[in-house]
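# I need the structure of the sequence given here:
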Amino acid sequence: MKVLVTGGNGFLGQHLLPLLLKRGLHVRVLGRQERGATNLPVEYRRGDIQNFSDVLEATCGMEAVFHLASRAGIESNPQLYDLVNVKGTQHVLEACRQNRVAYCIYTSSPCVVFHGQDIRDGDESLPYSPHPLCDYARTKIQAEQLVLAANTPSLRTMALRPHLLFGRGDRQLIPRLLQRLQSGQLAQIGAGKNRVDMTHIDNAAQAHELAFLALLRGHVGGKAYFIGQEHPLSLWETVDEILRRLGHPPVTRRIPYSLAYASGYVLEKLSRLRRDHPEPAMTRFLALALGKDHYFSHRAARAELGYIPKISIEEALKDYDVPEAHPPS
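Just a heads-up that it's a prediction; the model follows:
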């Protein structure tokens with residue numbers, strides 16, 4: 001069986017590809033690079049999901065697509081997110097239809113239901129946010145809706161919502177925290193008691209593999225599923241633990257949530273006024289992510305996909321152990 005992975009050179013893609021290869025699948029990757037970072041026996045196609053011709057060519061002869069490619073971050077340039085997350089997803093779906101691809105698994109995000117308040121044990125009945133706090137969330141909502149609406153007997157679709165991916169090879173979550181720490185910008189938002197879902201990268205990759213198998217069995221389609229660990233984590237305790245394992249001190253600066261949220265609003269407005277649209281040091285979305293509870297039920301993924309995290313939280317944190325950070329006593 002032949003499958004295409006868009007964005008296969010990214011964090012999630014590099015952990016999903018070995019699972020697909022172990023199943024004996026022929027794997028093609030569509031990305032903006034000629035080759036990946038590994039020597040896996042994968043077929044690479046250089047292209048951009050913003051260009052329909054690239055996507056149409058890449059999906060030719062494929063039977064399934066894992067659509068991982070996405071524009072992430074919190075920049076203040078709406079057009080970039082529309083072109084990649086919305087238009088790119090439209091291209092993937094239309095190419096699937098024209099090339100008679102049977103299955104499409106889309107990597108979405110729990111941010112599609114963020115509404116500015118705490119979310120505790122939220123499930124798939126939560127509505128989409130009527131007022132998304134950033135262009136990333138807005139366009140992920142639109143893209144997920146497109147994917148789920150495209151589900152038909154000839155093209156079975158599904159969306160997965162893994163939350164806060166972390167682990168070896170992470171180029172976003174922890175590196176960005178370290179960058180803020182080193183620049184003196186990292187601060188605890190709120191009381192520091194908020195709990196969140198985090199997802200080890202191997203568990204997220206496993207969930208995608210299980211979603212694919214469930215689609216093949218014909219038991220599911222047209223639905224979204226939250227993906228996370230075995231239980232929510234205290235965000236700031238976890239951040240401090242990861243920093244400790246990496247040899248850094250804990251976060252000591254603290255900012256009230258209301259001040260962070262208000263500052264985010266002002267900085268977003270200022271960023272949009274600048275031609276280069278720099279990423280603000282704080283946004284409303286970031287204040288929400290760092291200061292509120294947001295964790296979800298994974299019962300649907302377990303019941304319908306067979307998802308049970310294979311990497312525990314304790315095992316996951318070992319990815320951040322640095323030998324020189326723990327000299328012998």
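# quickly find the element holding the closest residue to residue 220 other than its chain neighbours.
Nearest residue to residue 220, sequence neighbours excluded (C-beta to C-beta, 6 or more residues apart in numbering): residue 214, at 4.7 Å. The C-beta positions use only the backbone N, C-alpha and C, and glycine is treated the same way. In this assignment (DSSP states H and E), residue 214 forms part of helix 201-217.
# quick one: contacts of the helix or strand just after that helix?
Using DSSP H and E, the helix or strand that follows helix 201-217 in sequence is strand 223-227. Strand 223-227 is contacted by residues 108, 110, 112, 122-124, 144, 148, 158-163, 197, 199, 203-204, 207, 211, 296-298, 300-301, 304-305, 307 when judged by C-beta atoms under 8 Å, 6 or more residues apart in numbering.
# filter those down to just the ones in strands.
Counting by DSSP state E, the contacts of strand 223-227 place 122, 158-162, 199, 296 in strands.
# these: which two are farthest apart?
Largest separation among those by C-beta to C-beta: 122 and 158, giving 18.7 Å.
# that older thread, same for the helix holding residue 214, what does it pack against?
Judged by 3 or more C-beta pairs under 8 Å, 6 or more residues apart in numbering; DSSP states H and E, helix 201-217 is in contact with helix 11-22, strand 64-67, strand 103-107, strand 156-162, strand 165-166, strand 223-227, helix 299-305.
# figure out which of these is closest to residue 240.
Among those, strand 165-166 comes nearest to residue 240, with 14.3 Å by C-beta to C-beta.
# now for this protein, the helix or strand with the poorest mean pLDDT.
Least confident helix or strand of the chain, by mean pLDDT, DSSP states H and E, is helix 173-182 with a mean of 87.
# quick one: buried residues of that one?
Neighbour-count burial for helix 173-182, counted by 16 or more other C-beta atoms under 10 Å, picks out 173-174, 177, 181.
# what does it contact?
Helix 173-182 is contacted from outside by 164-166, 186, 239, 242-243, 246, 248, 251, 320, using C-beta under 8 Å, 6+ apart.
# check which element follows it along the chain.
Taking DSSP H and E, what comes next after helix 173-182 is strand 188-189.
# please compute how far that following strand lies from its chain's middle.
22 Å (C-alpha atoms, centre = their mean, to the nearest Å).
# go on, stretch 227-244?
A distance of 16 Å separates the centroid of the chain from that of stretch 227-244, by C-alpha atoms, centre = their mean.
# buried ones in it?
Neighbour counts using 16+ other C-beta under 10 Å place 227-229, 232-233, 235-236, 238-240, 242-243 of stretch 227-244 among the buried residues.
# again with stretch 294-301
294-298, 300-301.
# I am finished for the moment; much appreciated.
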